[in-house]
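Novice: requesting a structural model of the entry that follows:
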Amino acid sequence: YFNVAFDSKVFMIYDIHTNIEMDVMVALQDTVGYETGIKRVNLKGMTQKFLGRDAIEIKELTRTGSYDGANFADVPEELVLAYACPDADNTLGLYLYILENKILESHNAVKLVKLDSHFALCIAYQEFYGQHINVDSIPKLREDLFKSLTDNTETMLTCMKKRSQELVDKGLDAISEIDNFNPNSTQQMIKIAYSDFKMPLQKKYDKNTRRFKPTMDKNARKTLLKVLQEGSLAHTFIKAFQDYSDSNTMVKNFTKNLNTMMSEDGYTFSKVDQFLNTGRLSTAEPPYQNYSKSIKPYIIPRKGFGMSDNDYQSIEYKIIAGLSGEKRLLDAFQDPNTDYHRLQASNMFDIDYALITDQMRQEAKGFNFGIPFGMGAESLGEHLRGVRTPENTAYAEKMLQKYFVGQDDVKAFFDNRRSWAVRDGYSETIMGRRRYYDRRVTSVGAIRRQAGNQPIQGSAADFFKLAVIRMYYSILKNNWQGKVLLSGFI
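Specialist: Presented below is the predicted three-dimensional model:
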């Protein structure tokens, strides 16, 4: 197969569920695709590259000469053979080329390609049956969202007018954006928050400029809500902006185009992309992975059926324990109820596990999040306390040293993975999924940050896919297809 996810959806119309040894598209994407930076390999390009011959595309045979809406219904019957036979022959040729040249072995991708090929069947199953929406509640949801946008805009404007008067009373310039306020303008919100309200500056790394730039993204808003005094004008403004942003995201990702994406009986059929270089998935039309907690209640089971949400507990931290071989963590995770954040807080604060407070746990959680991303003391201090100061940096440095006490194997794991990525030009997961780095466009610092995180997040994604594959084949084994659905991959 070349793109078995597509073929499988066609087979499902006729209640045919295919087996697979290798999806040639998956094999090439997981190897040369990742290595050369191709976001999505295609049959024509790969045939030209590896077999040295051309491949016919549907658009060359359609009456319109275009991909737009093109399918075999647009291809004259006598030309179907001119497409299908070379298509199959090129796929076979690429399959043999992969085997003969040991493409999978040279990229350490034997297990990975098997995993992703079988997961492609799961994607087809999910896309074919889709998600069920509570259609009766959508009109009320639209009303509530419109009211939320209006009310929160008014709240922000009220805060701005009060703050503007404070500035004028001090002989300073008034806030100029009041008359043309647009909460959707990133530049306006950055200027109002940091110049007019004097909130602690939040920055985000821009990989294009390789610099940290001011931001008002969701992480910045979350931090500001934590560090600003509750009830103050600034806190009220940010809280209203957060609520506005949540509602606006629901409009953009869910209700705005729902009529064009949803069937009359309430089903949506999102497209799933499994080829992110992190190993994780993305969805579109609609992007259900971006649904907020407010949207999720509108995703409901079919009448007469139930729904459950399943996930691994602390999977990333168990992967750290496994990959590093840290005996202390491995022993702790023998108890399925072990709280990793509380465990690390116990180590950092040198206090018994049972006596750790929620605040201590939250602080340890900040370290647990920041360390895989390669955050140094300055970034960690800012992440924990909301602002970068010498005092916060010194505190983070002190706690960072305590964090690794008794965890030499964990520290060595992160140090080695980062060094290997700089040396080899890639990092990889347990299954061999590689993320490549180009030193010409990516700084050593950025490589080290990404290489600390990719083996963990990517391996977690690999294990997630393995679990879904097992569920899918259990569905087939028990003849539950169409009854037990895989409604979404988060």
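Novice: ok, which stretches of the stretch 301-450 of the chain are helices?
Specialist: 315-324, 327-332, 340-349, 358-370, 377-385, 390-403, 408-424, 444-477 (DSSP state H, counting those that start in this stretch).
Novice: export these as JSON lines, with columns for mean pLDDT.
Specialist: Shown next, in JSON lines, are the helices of the stretch 301-450 of the chain (pLDDT from 0 to 100):
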{"stretch": "helix 315-324", "mean pLDDT": "92"}
{"stretch": "helix 327-332", "mean pLDDT": "90"}
{"stretch": "helix 340-349", "mean pLDDT": "89"}
{"stretch": "helix 358-370", "mean pLDDT": "85"}
{"stretch": "helix 377-385", "mean pLDDT": "77"}
{"stretch": "helix 390-403", "mean pLDDT": "86"}
{"stretch": "helix 408-424", "mean pLDDT": "93"}
{"stretch": "helix 444-477", "mean pLDDT": "92"}
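Novice: got any ranges where the stretch 201-350 of the chain has weak pLDDT?
Specialist: 207, 210 (pLDDT under 70).
Novice: can you give me the strands for it?
Specialist: 203-206, 211-214, 267-268, 271-273, 282-284 (DSSP state E, counting those that start in this stretch).
Novice: how far does the second one sit from its chain's centre?
Specialist: Chain-centre distance of strand 211-214: 22 Å, with CA atoms, centre = their mean, to the nearest Å.
Novice: check the fourth one too.
Specialist: For strand 271-273, the distance from its own C-alpha centre to the chain's C-alpha centre is 12 Å (CA atoms, centre = their mean).
Novice: which residues are contacting that strand?
Specialist: By CB atoms under 8 Å, 6 or more residues apart in numbering, the residues outside strand 271-273 that reach it are 123, 126-127, 281-285, 489. Where you see a C-beta, it was placed from the backbone N, CA and C, and this is true even at glycine.
Novice: stretch 432-451 too?
Specialist: Applying CB under 8 Å, 6+ apart, the external contacts of stretch 432-451 come out as 30, 34-35, 37, 107-112, 205, 207, 210, 277-279, 373-375, 417-418, 420-422, 425-428, 454, 458, 462.
Novice: and if you look at stretch 277-291?
Specialist: Contacts to stretch 277-291, defined as CB under 8 Å, 6+ apart, come from residues 34, 131, 249-250, 253-254, 257-258, 261, 268, 270-274, 276, 299, 429, 433, 435-436, 454, 457-459, 461-462, 488-490.
Novice: which among those residues end up buried?
Specialist: The neighbour-count test (16 or more other CB atoms under 10 Å) marks 34, 131, 249-250, 253-254, 258, 261, 268, 270, 272, 274, 299, 429, 433, 435-436, 454, 457-459, 461-462, 488-489 as buried among the contacts of stretch 277-291.
Novice: hmm, R328 is touching F404, no?
Specialist: No. R328 is not in contact with F404 according to CB atoms under 8 Å; the separation is 11.6 Å.
Novice: tell me which of those two has more neighbours.
Specialist: F404 (17 against 14; other CB atoms under 10 Å).
Novice: helix/strand/coil for K147?
Specialist: Look at K147: counting by DSSP: H, G, I helix; E, B strand; the rest coil, its state is helix.
Novice: neighbours of it, how many?
Specialist: When neighbours are counted by other CB under 10 Å, K147 registers 11.
Novice: just the pLDDT for it.
Specialist: Per-residue confidence (pLDDT) for K147: 93.
Novice: now R40
Specialist: Listed pLDDT for R40 reads 90.
Novice: thought it was touching Q29?
Specialist: Yes. Using CB under 8 Å, R40 is in contact with Q29, at 7.0 Å.
Novice: alright, that wraps it up for me.
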